Structure formats: C-alpha cells, structure tokens
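1. Coordinates for the following, if possible.
(one chain, ligands or ions: 2)
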Amino acid sequence: MNVRDSEVICGLLQKAGYRISVTDQDADVIIFNTCSVRKHAEDRVWSLMGSYKGSKIIGLVGCMAQNYKEQAFTRDANISFVVGPQDIDKIPKMLGKILETRGQSPNNGDSPRLLERKIWETEGKLRPEEIYHTDFYQDTNHAYVVISEGCSNFCSYCVVPYVRGPLRHRKHQDILIEIREAIARGITKVTLLGQNVNAYQDNQVNFTKLLGQVNALEGIKEFDFFTSHPKDAGVDSFKAIRDLDKLAKRLHLPLQSGADRILKSMNRGYAVKDYLALIDSYRKIVKGGRLTTDIIVGFPTETDQDFKETCALVKKARFNAAYIFKYSSRPGTEAAKMADELKPGDKEKRHKKILDLQRGISKEIRSRQTDAKN
Ligand code: 5AD
Ligand code: SF4
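-> Ligands and ions are numbered 1, 2, ... in the order given. Just a heads-up that it's a prediction; the model follows:
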C-alpha cells in the first residue's frame, strides 16, 4: 500500500513540475512516506531523518504523520510539513507554499510548518480519484492498484484503522480505467490492494465479480491480490483463483495466532477450526495453490501453551512461507492497554523458534516440488 502511495506522490509532484532526483544528495526536498504498523519501522524513520541536518526540506507523510500529528515537529525540528495518508493529494500545493515563503523570507530557511491530517473528517470519503491517474510507476511491467482504502476491522493490535480511516471502496469502473491506463503504458501484471480485499463491494460488484472483470481485460497477463481476511475470504474467491486463467494460484491469508484465546483477544473474528476449514477448502479447490500467512508472536498474555498451539498449527497448515512478527505495542490500540506483554527476550526466542520451524517446512516443500519436476 505504501509503495503505491509513494508512486502516487511522485506522480502528483511530477505533474506539478517537480523532478524526482536519483540520489538523496541531489534532492532539495526529501519526503518520508512512512509506516506505523510496528515501532521498529517508526524508529528507522526518525533515525534516518536525523541524518539530514538543515540543508533539505523534509516532509513526513503517511501513517506516521497521522500518528504523530503536530508532535512530529517537536520530535524533529527539521520537518517542514506533515501530511496524513488521506491528504497526499495536497502535497504539491503545500510544497509550493513552503518554497514560495522560503524564497521570500529574509533569513532564507525559515519556512512555515504545515500540517494536513483530517482523517476522521473524511466521513468515509475516498481520496480524490485523480490521484490514481498520474504517470509514475516504479516497475515497467507490474502495477499495484488500490481497490479499497482504510480498514474497519480494528484488530486489537493494529494501528491501521486509526491512521488510514474506515474502509472505503473505490468504484469498480474507476479501478478498471486505472488498469487500462496502466496497460496502455506497457504494464501486463497487476496486484489488487486492500487491507481486506474480500470485503470489496461497489453496488452490485463484489470482490469475485471484480476479479472476473480484471481477468477479462485485454493486455493483462497475470494478476493477484492482497490481503485476504479469514473472516471474509471463502469458496467464491477460491473458485475464482481456480477458474480465472490470469489470476495467480496463490493466497495470502494472515493467521496471526494458532490459539483461540489469543485470536479472540486480537478481535480477529474467527477461531482455529474456522481457519483450518478455510485452508482445507482452498487446497481442495485450488490444487497445488500457494499459501502464505502472517503470524504475530508475543501478543499480551500469550503463554507457552498458546505459542505451542501456534507452532502446531504452522506444522499442520504447511504454509509455503510465513511472515513472522514480534508483537509491537501501538499507542491508542486496544492491545496497548492490555497487561502482560512478553519480555523482549522471550519474544525473540519465540520468534526464532517459529521462524526456524517455518524455514524447515518451506525448504521441504520446495525440495519436494523440485523432485516432482525432475
Ligand atoms: N505488532 C506486530 N505485528 C503487527 N502486524 C500488524 N500490527 C502489528 C503489531 N502491532 C502484522 C500483522 C499483519 C502484518 C501486516 O503486520 O501480522 O498481518
Ligand atoms: Fe489491521 Fe486487522 Fe485491518 Fe489488517 S484487518 S489492517 S490487521 S485492523
């Protein structure tokens, strides 16, 4: 999602007459498009930002901007503008204002501090449609296409609903226009993006209908989507993966934990048995399809027994790959109020253990596939 947002920002700036520099030394303006999902990501931004002392105009954009708001200016005195993810369309104008006042200022360098962050005032509105139709793609043959913005799931550990606002769906016609424009620029592969793509709904067009429409576009060779949420993913989308010739035979289905008590406390809306039934149905329908997942270790109150249950599920599910994260407390979320967070050392141990377990499984699956091919 952030890669796409960065493209959008670059596209908007290019359209306004700015040039994207090749190196940071060449740049007059440095914009940090940021993630707040884990503290580690934020720490890296603060530290990198600190290495640009005074000479550049610095902008903090994206989820951290929304998270820190005006406090960002105190945290790093070099920041000139702070723009939340809902307001990225305003960046060129804000930058123009800053450059203008900088030029006029007798002590060149005293620019105004500008802030845009009106996420909950969006009233469920989408970002302006024009932002998705600029000319900047990082890749020459692959494009990310946002189908829905925000998230209303409020998993108890997650900052996304607070920083990106409630779930909104783009119009299916607009999505298709954007993909056609990408095709006209030579793009043949597309990834549809949303925090919970299976919940997509635009009037009569639900997620599987949209998949069918994308599949029918001439010029598309392959496409995929993420992320799916186990509470909304189901047989319809698995059948689409099986039947649509251009849709990649893979599914990313975040599990988060293999213990029912923890899943409940995470507010995930499913139990272990539901997850197992879901992947069983996926495997029956999409023969040989890839399956990947996300797992969090060290969620508050996670016991040895809970962790063992997650390991047992990993063994049973045999994911092709799993992204394992150490729980990171995010201020403002429900989980941040919970007691009994694990000690960092214990989180580390669990992280390593499950990583090793999954690495072994991934390797075994790969070697079996190679054997089968030979
Ligand atoms: N701590 C650790 N991992 C998190 N994720 C989301 N929030 C947190 C958090 N507070 C993980 C989830 C999600 C992935 C994108 O990031 O596993 O699926
Ligand atoms: Fe966060 Fe849950 Fe929404 Fe995913 S579904 S973005 S984990 S709140």
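2. Run through who's touching the lengthiest strand in the chain.
-> For the chain, the longest strand by residue count, based on DSSP state E, is strand 290-297. Outside strand 290-297, the residues that touch it by CB atoms under 8 Å, 6 or more residues apart in numbering are 157, 249-258, 266, 279, 282-283, 307, 310, 314, 317-327, 347, 350-351, 354. Glycine gets a C-beta too; all of them are placed from N, C-alpha and C.
3. Flag every buried residue along the helix or strand that it is followed by.
-> Following strand 290-297 in sequence order, the next helix or strand is helix 304-317 (DSSP states H and E). For helix 304-317, a neighbour-count test (16 or more other CB atoms under 10 Å) marks 306-307, 309-311, 313-314, 317 as buried.
4. Next: stretch 146-164.
-> 146-151, 153, 155-164.
5. near ligand 1, from those?
-> 157-158 (CB under 6 Å from any ligand atom).
6. which SS state does the residue nearest to Arg185 when sequence neighbours are not counted fall under?
-> Nearest residue to Arg185, sequence neighbours excluded (CB to CB, 6 or more residues apart in numbering): Tyr137, at 6.8 Å. Three-state call for Tyr137 (DSSP: H, G, I helix; E, B strand; the rest coil): coil.
7. correct me, but Tyr137 touches Lys189?
-> No - between Tyr137 and Lys189 there is no contact under CB atoms under 8 Å: 11.2 Å.
8. can you list residues touching both of these two?
-> By CB under 8 Å, 6+ apart, the residues touching both Tyr137 and Lys189 are Ala143.
9. where's Glu348 relative to ligand 1, distance?
-> Glu348 is 13 Å from ligand 1, where distance means CB to the nearest ligand atom, to the nearest Å.
10. give me phi/psi at that residue?
-> Reported as degrees, to the nearest 10, the phi and psi values for Glu348 are phi -60, psi -50.
11. List the residues that contact it.
-> Lys326.
12. Met49 touches Asp76, doesn't it?
-> Yes - between Met49 and Asp76 there is a contact under CB under 8 Å: 5.4 Å.
13. the more surrounded of the two?
-> Met49 (19 against 16; other CB atoms under 10 Å).
14. Report the buried residues of the helix or strand containing that one.
-> If you go by DSSP H and E, Met49 is part of helix 39-50. Neighbour counts over helix 39-50 (16+ other CB under 10 Å) mark 42, 45-46, 49 as buried.
15. Tell me the one of the residues you listed nearest Gly234?
-> Nearest to Gly234 among those is Glu42, at 34.9 Å by CB to CB.
16. Local confidence estimate at that closest one?
-> pLDDT recorded at Glu42 is 97.
17. before we move on, the earlier item: what does the helix holding Met49 contact?
-> Counting by CB under 8 Å, 6+ apart, 32, 34-36, 58, 60, 64, 67, 75-76, 78-79, 328-330 sit against helix 39-50.
18. Would you mind giving the domain segments of the protein?
-> Domain assignment for the chain by automatic domain parsing gives 2-121, 249-374.
19. which one of those has the lowest average pLDDT?
-> Looking at these, the weakest mean confidence is domain 2-121, a mean of 85.
20. what about it, near ligand 2?
-> No - Domain 2-121 lies out of reach of ligand 2 by CB under 6 Å from any ligand atom, never closer than 7.9 Å.
21. Could you tell me how many residues sit around Glu100?
-> 12.
22. Figure out the helix or strand that it lives in.
-> Going by DSSP H and E, Glu100 is part of helix 91-104.
23. Which strands or helices does that helix pack on?
-> For helix 91-104, the packing partners by 3 or more CB pairs under 8 Å, 6 or more residues apart in numbering; DSSP states H and E come out as helix 2-15, strand 57-62, strand 79-83, strand 114-116.
24. do you know which of the ones you listed lies nearest Arg170?
-> Among the helices and strands packed on helix 91-104, if distance is taken as CB to CB, the winner is helix 2-15, at 12.2 Å.
25. which element follows the closest one toward the C-terminus?
-> Counting by DSSP H and E, what follows helix 2-15 is strand 29-34.
26. For Asp24, grab the count of nearby residues.
-> Neighbourhood size, Asp24 [other CB under 10 Å]: 11.
27. ok, it - contacts?
-> So Asp24 contacts 30, 52 (CB under 8 Å, 6+ apart).
28. ok, now Val8?
-> Neighbours of Val8 in contact, by CB under 8 Å, 6+ apart: 88, 131-132, 134, 136.
29. can you check Leu167 too?
-> Contact analysis of Leu167 by CB under 8 Å, 6+ apart lists 148-153, 195-196, 199.
30. Out of the residues you listed, flag the one nearest to ligand 1.
-> Gln195 (8.8 Å; CB to the nearest ligand atom).
31. Pretty sure that closest one sits against Val163.
-> No - Gln195 lies out of contact with Val163 (CB under 8 Å); the separation is 11.3 Å.
32. What pLDDT is listed against the residue nearest to Arg185?
-> Tyr137 carries a pLDDT score of 93 in this model.
33. burial measure for it, as a count.
-> 18.
34. Tell me the bridge partners for Val61.
-> Asn33, Val83 (DSSP bridges).
35. Look up how far ligand 2 lies from it.
-> Applying CB to the nearest ligand atom, the value for Val61 to ligand 2 is 19 Å.
36. Can you report how many residues lie near the residue of the stretch 1-150 of the chain found nearest ligand 2?
-> Using CB to the nearest ligand atom, the single residue of the stretch 1-150 of the chain nearest to ligand 2 is Val37, 7.9 Å away. By the measure other CB under 10 Å, the count of residues near Val37 is 17.
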